[in-house]
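S.K.: Here you go, sequence then predicted model.
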Amino acid sequence: MTSREIRQAFLDHFANHGHTIVPSAPMVVKDDPTLMFTNAGMNQFKDLFLGNRPAQHKRIADTQKCLRVSGKHNDLEEVGIDTYHHTMFEMLGNWSFGDYFKKDAIDWAWDLLANVYKIDKANIYVTYFGGDKNDKLDPDEETRGLWLKYLPAERILPFSRKDNFWEMGDTGPCGPCTEIHVDVRTAEEKALKPGHELVNNDHPQVIEIWNNVFMQFERKSDGSLQTLPAQHVDTGMGFERLCMVLQGKRSNYDTDVFQPLIQVIAKQCGRNYGAEEKADIAMRVIADHLRAISFAIADGQLPSNTGAGYVIRRILRRAVRYGYSFLGFNEPFMHALAPTLAGQMGDQFPELKKQQAIVESVILEEEKAFLRTLEQGTKRLELALAETKGTIPGEKAFELLDTFGFPIDLTQLMAREEGRDVDMVGFEAELKKQKDRSRAATAVTTGDWVVSADAGMGRGETEFVGYDDLVCESRILRHRKVSSKSGDQYQIVLDRTPFYAEGGGQVGDQGWLINGGERVEVIDTKRENQLIVHYTKSLPKDVNATFTAQVDASRRNLTARNHTATHLLHHVLRKHLGTHVEQKGSLVAPDRLRFDISHFTKVTNEELLIIEREVNAMITEDIVFDDRRNVPIAEAKTMGAMALFGEKYGDSVRVVKFGPSVELCGGTHVPRTGVIGPFRIVSESALAAGIRRIEAITSVEAERMINEKLAKLDAINTLLQHPTDLVQAVKKLVEHNDQLSKELEKAAREKVRNYVTSLPAKAKRNDKGLNVLVQQLDLDPQGMKDLGYQLREQHPDMAFVSGSVLDGKPLLAVSIGRDYAAATGIKATDIIKQISMEIKGGGGGQPDFATAGGKEAGGLASALKKAEALLN
C-alpha cells in the first residue's frame with residue numbers, strides 16, 4: 001500500500017464505524033498557553049476532554065500534523081540519527097467523547113490492523129497498565145481480557161504507570177492506556193531473542209505504532225485522582241511508523257513518505273543515499289526538518305528569535321548545518337525541496353500548495369542569513385583558536401553559540417581539525433546556567449480550578465454577549481490562582497460575559513467585576529481551551545455573588561475601530577496589489593493596528609498613498625456593518641468570505657461584511673465605518689521574505705498625529721519668519737547647512753594635516769629607541785582616528801595616544817606602529833583597557849588602533865600620564 005492508501009484506509013475504517021472525519025488542526029497552537037505546537041492528535045479536542053464545551057460529534061477520526069522537539073525520544077539533536085523518530089509527524093487518531101470505551105476501541109483497532117492492513121498477527125504485541133500502588137490503582141484486567149480474544153497471554157504485557165498511564169500534563173484528564181507494538185525483525189533476528197523482551201526497549205524494529213488511551217480520571221494539583229463524569233477514548237497511531245510496517249521497510253525514512261525528498265536531496269549533493277552513514281543522517285535530518293518548517297510556515301508561524309518562531313528557526317538551522325557540514329552545501333538548497341513536499345502531501349494538506357511560494361521564499365532568506373552566520377562564526381572561532389592554547393574554554397564555545405549562533409558541533413569539528421578539544425563540561429555548565437535562568441524567569445504555579453457553589457460541575461460553556469452588550473449580570477463558574485515571579489493573579493470563568501477574549505489578532509478586553517461597592521479590575525481576557533478566562537489581581541470577596549461584568553467601553557470602542565480598519569485595509573490591498581495578498585498576522589489594539597501580508601516587493605510610497613486614500617473613502621462612505629452569525633461554512637465561502645490558513649473553523653462561522661469587504665471573523669467591529677475617523681499608515685516594512693508589515697492608526701491616535709504635525713509645521717513656519725514658500729525656505733536652509741558642514745569637514749581635515757606635520761617633533765624616545773607621543777588635542781572622534789591612522793603608517797616606530805573632550809565627554813585613542821608592536825609586543829587594546837579606567841569608561845578595537853569613551857573628563861590628564869608610563 002502507498003502512504004496515501006494507508007492514510008485513506010484508516011479514515012474509511014472509522015467512517016464506517018460512525019466517526020465524523022475532521023480536518024487536521026493547525027500545527028501552530030493559538031489558544032492554549034501551555035503549548036506552542038500541536039504535539040498530539042488530541043490537542044484540538046482538549047477542551048472536550050476538560051468538559052469546557054459539549055462534543056458536537058461523539059465519534060471523531062482524523063490525521064493530525066504534529067510537532068515535537070523535546071521530551072522522551074524527541075530531543076531535536078537525536079532526530080535523524082535513528083530511523084523512527086521525527087520532529088513533524090502525522091498522528092492518525094480516533095476519539096470517543098462519552099460514547100464507546102475499551103471494548104469497541106480494541107475490537108476496531110484489531111480489525112483494522114489484522115483484517116484491513118493484514119499485519120501478521122504473530123508480529124503483534126500489546127501492553128496494558130499493570131497498576132500503581134501510589135495511586136491505589138489495580139492492574140487493568142479488563143483491557144487484558146479484551147486482548148485475550150485475539151492474542152495469546154505471552155504477547156499481552158503489563159507495564160507500569162511510566163509506560164501505560166497517559167497524562168495530559170501535571171494536571172488534567174488521564175487514564176490507563178494500551179499500546180500496540182509490531183516486531184518487524186527478520187526471522188533470524190527473532191530466533192535469537194523473543195519479541196516480548198524488546199517491547200518498550202527502544203529497539204528500532206520492535207516499535208510502538210498505536211496507543212489507545214482510556215480517559216477515566218482527572219489529576220488534581222495535589223496529585224490525587226478524581227473519576228471523570230464521562231469516559232473517553234483518545235487514540236494515536238504514528239503514520240510514518242505504520243507505513244514502515246506495511247511497506248516492509250526497516251526504517252521510516254525508507255518509506256514513500258520520505259524517499260521522494262531524500263532522493264531529491266541526494267541528487268542535489270551528488271551522493272547516493274545508503275552509501276555513507278554521516279551523509280545518510282544528514283539527508284534524513286534535512287528531509288524531516290523540511291516538513292516541520294514548511295508546515296509551520298504554511299500555518300503562519302515565521303522563524304524568529306522568540307517563542308514558537310525560535311523553535312522553527314532552530315530546526316531550520318540544524319538542517320542547514322547538516323547540509324553544510326556533511327553534504328557540501330555552501331549555498332541555499334532547502335527552499336528548492338518545497339515543491340517536492342507540496343506535490344507529495346498537498347492533496348491531504350492543501351495549505352502546502354496554497355502557501356508554497358511563501359514557504360520557499362521564507363526558507364531561502366533564512367538559509368542565506370544562517371550561511372552568513374556560519375561564515376562570521378567561523379572567523380570568530382578561528383580568532384578564538386589563535387588566541388587560545390590547548391583546549392577551547394567552555395565559556396568561549398558557549399559565547400559562540402549564544403551570541404553568534406555558531407553551533408557547538410561545528411565548533412568541535414573545527415577544533416578537531418586543528419588537533420584541539422573543546423571543554424564540553426564547561427560548555428554544558430554555561431548552557432545549564434542559561435536554561436536555569438530562563439526556567440526561573442518563566443516558572444508558573446497554577447492551582448486547581450475551584451468550582452463555585454451552585455455552579456453545578458463548573459464546566460458549562462460561557463455565554464458570550466459582547467457583540468451586543470458591554471455590561472451584563474454574571475456569576476462565577478470557577479476560579480484559580482496562578483503564581484509567578486511577577487506576582488499572583490487570579491483566573492475567573494463566568495457563566496455570561498461581555499468581555500472579548502484575545503484572538504484573531506485583537507487584544508482582550510479590560511474592565512471590572514462589580515458587586516455593590518467592590519470593583520475587581522479585569523486586566524486581561526484570554527481564551528484557554530475554549531474557556532473565556534478573565535485575569536484579575538484579586539479575587540472578589542464573595543465568589544458566589546452575582547456580579548455586574550462591565551467592559552471598559554472607551555478601550556473596546558477604539559479597538560473595534562482599528563479592527564474594522566484592518567478589514568478595509570485588507571480589501572484595498574488585495575484590490576491594488578493583487579489577490580495574492582493574504583493576511584499573515586495582525587495586531588488590533590486600542591492605539592494602533594498592525595497588518596502582515598504576503599507580498600514579495602516593497603509597497604511603494606505612491607501605492608501606500610492610494611491605499612490610505614481609498615480606506616479613508618470607505619470610512620467616509622459610512623458603510624453599515626452587516627453581521628451574519630452562525631453561517632454554514634460552505635455558504636460563507638460562496639459569499640466570498642476569506643478563510644485564513646492557520647485558523648481552524650467550525651461547521652458554522654461568523655461573516656463580517658462592510659460593503660465589498662467580506663471576511664470570516666470573530667472580533668468586535670463598529671456599527672458603521674464612519675465611526676472610525678481618520679486612517680493613517682505610519683510605516684511599511686519587511687517582516688520576512690515575502691511578508692510585508694503595515695502599521696497604521698485611526699481615530700484619536702490619527703487625530704493626535706495630525707495635530708502634532710501641524711503644530712510642528714507652525715513652529716517651523718514661525719522660526720523661519722513665515723516665508724511665502726515654506727518648503728522652498730527649508731530647502732535653502734538645508735543647502736546652506738550642507739555647505740557649512742562641508743566647510744567644517746574641510747577645516748577638520750586641515751587641522752589633522754597640521755597635526756601630522758607638527759606633532760612628531762614632540763615625540764619622546766624611550767629606552768628601546770622607540771618613539772612615544774602622548775597629547776591632549778582638540779579633535780572629534782573621526783579626527784582622532786584619522787590622525788592615529790596617518791601617524792601609525794608614517795611613523796611605524798611610534799606609539800601615539802591622544803585625548804580629547806567633546807561636549808563634556810572624554811575620549812581616548814591609541815595607535816601602535818608596526819615596528820613598535822614588533823619590538824614590544826604591546827597592543828593598543830591592552831593600553832586602552834588600562835587607561836580608560838581613569839575616565840570611568842571602556843572601549844576596544846584592534847591590536848594597532850583602539851578607542852574609548854568615558855564619563856569623567858577630569859580624569860583625562862591622569863589617563864594620558866598613565867599611558868606615557870606604560871609605553872615608556
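M.R.: Received it, and whenever you're ready, just let me know what you need.
S.K.: ok, residues contacting the helix or strand of the chain at the bottom of the mean pLDDT ranking?
M.R.: The weakest-scoring helix or strand in the chain, judged by mean pLDDT, DSSP states H and E, is helix 46-49 (a mean of 80). By Cβ atoms under 8 Å, 6 or more residues apart in numbering, the surrounding residues in contact with helix 46-49 are 32, 42, 53-55, 97, 168, 172-173, 215, 232, 234, 529-531. In this view, the C-beta of every residue, glycine as well, is placed from N, C-alpha and C.
S.K.: go on, stretch 778-798?
M.R.: Stretch 778-798 is contacted by residues 748-749, 751-752, 755-756, 759-760, 763, 769-773, 777, 800, 802, 804, 806, 811, 813-820, 823, 848-849, 851 when judged by Cβ under 8 Å, 6+ apart.
S.K.: Quick check: mean pLDDT of it?
M.R.: Across stretch 778-798, the average pLDDT comes to 94.
S.K.: which ones are touching Val206?
M.R.: 125, 181-185, 195, 198-199.
S.K.: do Ser160 as well
M.R.: Contact analysis of Ser160 by Cβ under 8 Å, 6+ apart lists 130, 132.
S.K.: where's the least confident helix or strand of the chain relative to the chain centroid, distance-wise?
M.R.: Relative to its parent chain, helix 46-49 has a centroid offset of 25 Å by Cα atoms, centre = their mean, to the nearest Å.
S.K.: repeat for stretch 517-532
M.R.: For stretch 517-532, the distance to the chain centre is 26 Å (Cα atoms, centre = their mean).
S.K.: what's the answer for stretch 97-104, then?
M.R.: Using Cα atoms, centre = their mean, the offset of stretch 97-104 from its chain centre is 37 Å.
S.K.: Outside of it itself, list whatever touches it.
M.R.: Contacts of stretch 97-104 with the rest of the structure, by Cβ under 8 Å, 6+ apart, involve 17, 45, 48-49, 55, 57-60, 96, 142-143, 146, 214, 230-233.
S.K.: Mind giving me the PyMOL select for the contacts of stretch 778-798, buried ones only?
M.R.: The PyMOL selection below is limited to those of those classed as buried (16 or more other Cβ atoms under 10 Å):
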select buried, resi 751+752+755+759+763+770+771+772+773+777+800+802+804+811+813+814+815+816+817+820+848+849+851
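S.K.: sorry, back to before: among the contacts of stretch 97-104, name the ones in strands.
M.R.: Members of the contacts of stretch 97-104 lying in strands (criterion: DSSP state E): 59-60, 96, 214, 230-233.
S.K.: Which of those residues sits closest to Trp449?
M.R.: Set against Trp449, the nearest of these by Cβ to Cβ is Ala230 (17.2 Å).
S.K.: Contacts only, for that closest one.
M.R.: Applying Cβ under 8 Å, 6+ apart, we find Ala230 in contact with 51, 97-98.
S.K.: Neighbours of the residue nearest to Gly842 when sequence neighbours are not counted, how many?
M.R.: Leaving aside its sequence neighbours, Gly842 sits nearest to Ser836 (Cβ to Cβ, 6 or more residues apart in numbering; 5.4 Å). Ser836 has 23 neighbouring residues, counting by other Cβ atoms under 10 Å.
S.K.: Distance of Ser836 relative to Glu856?
M.R.: Distance, Ser836 to Glu856, by Cβ to Cβ, to the nearest Å: 10 Å.
S.K.: Please apply the same query to Asp469.
M.R.: Separation of Asp469 from Glu856 (Cβ to Cβ) stands at 63 Å.
S.K.: just to revisit the earlier point, check the ones in strands among the contacts of stretch 97-104 for burial and list the buried ones.
M.R.: For the ones in strands among the contacts of stretch 97-104, a burial check counting by 16+ other Cβ under 10 Å picks out 59-60, 96, 214, 231-233.
S.K.: Of those residues, just say which sits nearest to Asp495.
M.R.: Closest approach to Asp495 among those (Cβ to Cβ): His232, at 24.5 Å.
S.K.: got a list of what the closest one touches?
M.R.: Here His232 is in contact with 48-49, 95-98, 173, 214-215 (Cβ under 8 Å, 6+ apart).
S.K.: Among the residues you listed, which one lies nearest to Met618?
M.R.: Nearest to Met618 among the contacts of His232, counting by Cβ to Cβ, is Leu48 at 40.6 Å.
S.K.: tally of neighbours for that closest one?
M.R.: Neighbour count of Leu48, defined by other Cβ under 10 Å: 24.
S.K.: all helices in the stretch 151-300 of the chain, in order from the N-terminus.
M.R.: Counting by DSSP state H, counting those that start in this stretch, the stretch 151-300 of the chain has helices at residues 161-164, 187-192, 239-246, 259-269, 277-298.
S.K.: between these, which gets nearest to Arg321?
M.R.: Evaluated with Cβ to Cβ, the helices of the stretch 151-300 of the chain place helix 277-298 nearest to Arg321, the distance being 8.7 Å.
S.K.: Tell me the buried residues in the closest one?
M.R.: Buried residues in helix 277-298, counted by 16+ other Cβ under 10 Å: 279-298.
S.K.: Who are the packing partners of it?
M.R.: Taking 3 or more Cβ pairs under 8 Å, 6 or more residues apart in numbering; DSSP states H and E as contact, the helices and strands that helix 277-298 lies on are strand 59-67, strand 88-97, helix 259-269, helix 307-326, helix 338-345, helix 351-354, helix 356-387.
S.K.: Okay, buried residues for the longest one please.
M.R.: For helix 356-387, the buried set under the neighbour-count rule, 16+ other Cβ under 10 Å, comprises 356, 358-367, 369-371, 373-374, 377-378, 380-381, 384-385.
S.K.: and what of the fourth one?
M.R.: Using 16+ other Cβ under 10 Å as the burial criterion, the residues of helix 307-326 that qualify are 308-309, 311-313, 315-326.
S.K.: Enumerate every residue touching Ala342.
M.R.: 294, 352-353, 356, 359.
S.K.: again, 7 Å this time
M.R.: The neighbours of Ala342, taking Cβ atoms under 7 Å, 6 or more residues apart in numbering as the test, are 352-353, 356.
S.K.: low-confidence ranges in this protein?
M.R.: Regions of the chain meeting the criterion pLDDT under 70 cover residues 31, 70-75, 453-460, 645-647.
S.K.: if I look at Gly169, how far off is Ser221?
M.R.: To Ser221, Gly169 is 11 Å away according to Cβ to Cβ.
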